[in-house]
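Undergrad: Have a look; sequence and predicted model below, questions after that.
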Amino acid sequence: MKNEQYFAANPTSIDKEFTFNEKMIGKNYQFYSNNGVFSKNRLDFGTLTLVDVVANLTLSPKTVLDLGTGYGPIALFAANQYPKAQIIATEVNERALKEARKNFEINGLESRIKVIKSDLFSNINQSFDLIISNPPFRAGKKLINSLVEQSFKHLTMKGQLILVVQRKQGEPSLKKKMTEVFGNCEILKRNKGYYILKAQNIE
Ligand SMILES: C[S@@+](CC[C@H](N)C(=O)[O-])C[C@H]1O[C@@H](n2cnc3c(N)ncnc32)[C@H](O)[C@@H]1O
């Protein structure tokens, strides 16, 4: 299908796997990728900005969720950044899940990252100290609002939700929603139209 969205559960485009190498925070990774997955040819600039900002925060989470892992870059970063933490990677797109599992394995981190097929939090029964995501904005505002609301319910006390958003994808309305739900929202970084937003569970 020509206009297929990257968040289709079962992409109908030809299953054609390939690899590329790219650095995150100065460390080289190999990535398996495929048609029908987000940012298939190289890491997304928003993803790179997000991991760069999070790497510079002084955090020591015990539990981390990468919501909408795609082929897995944020979960790989988190597993290396927080060696003692349990990392959960969720996704709805079967093909992205397949590539994420391979990427966790070839980068030697499969024992550190648990992969769960889950539509937002539908299959998640725990709370997290940190939820990081490059969210699926193309799935619509209703889903993004639900992501913020459900993230709040799945954060431990002082737990943080950190998201990347482009101004043109609706940064002002996302910031408004995060502020409504959490009672706080901070812009950690602005970079070429991309914003890194953080909200904390201070209830
Ligand atoms: C913007 S992409 C980011 C992918 C990856 N984290 C990265 O940084 O390259 C958002 C991802 O969320 C996934 N997604 C879409 N709807 C979802 C849902 N309801 N629950 C979980 N993941 C979803 C998409 O399939 C896509 O892989």
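TA: Now that the structure is in, tell me what you want to look at.
Undergrad: Can you name every helix or strand that the top strand by length along the chain contacts?
TA: Ranked by number of residues, the top strand in the chain under DSSP state E is strand 155-166. Contacts defined by 3 or more C-beta pairs under 8 Å, 6 or more residues apart in numbering; DSSP states H and E place strand 155-166 against helix 45-55, strand 128-133, helix 141-153, helix 167-182, strand 194-200. (Each C-beta comes from the backbone N, C-alpha and C, glycine too.)
Undergrad: Select, out of those, the one closest to the ligand.
TA: Relative to the ligand, the nearest member of the helices and strands packed on strand 155-166 by C-beta to the nearest ligand atom is helix 45-55, separated by 3.5 Å.
Undergrad: Specify the angle between the longest strand of the chain and strand 128-133 in degrees.
TA: Here the directions of strand 155-166 and strand 128-133 differ by 10 degrees (axes from the mean of the first three to the mean of the last three C-alpha atoms, to 10 degrees).
Undergrad: Make JSON lines out of the helices and strands packed on strand 155-166 and add distance to Gly108.
TA: What follows is these, written out as JSON lines (distance: least, C-beta to C-beta, whole Å):
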{"stretch": "helix 45-55", "distance to Gly108": "18"}
{"stretch": "strand 128-133", "distance to Gly108": "21"}
{"stretch": "helix 141-153", "distance to Gly108": "29"}
{"stretch": "helix 167-182", "distance to Gly108": "34"}
{"stretch": "strand 194-200", "distance to Gly108": "28"}
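Undergrad: For the ligand, tell me whether the longest strand of the chain is touching it.
TA: No. Applying C-beta under 6 Å from any ligand atom, one finds strand 155-166 separated from the ligand by no less than 8.1 Å.
Undergrad: For that strand, buried residues please.
TA: Neighbour counts over strand 155-166 (16 or more other C-beta atoms under 10 Å) mark 155, 159-165 as buried.
Undergrad: ok, back up a step: among the helices and strands packed on strand 155-166, which is the most enclosed?
TA: Comparing the helices and strands packed on strand 155-166 by mean neighbour count (mean count of other C-beta atoms under 10 Å), strand 128-133 comes out on top with a mean of 24.
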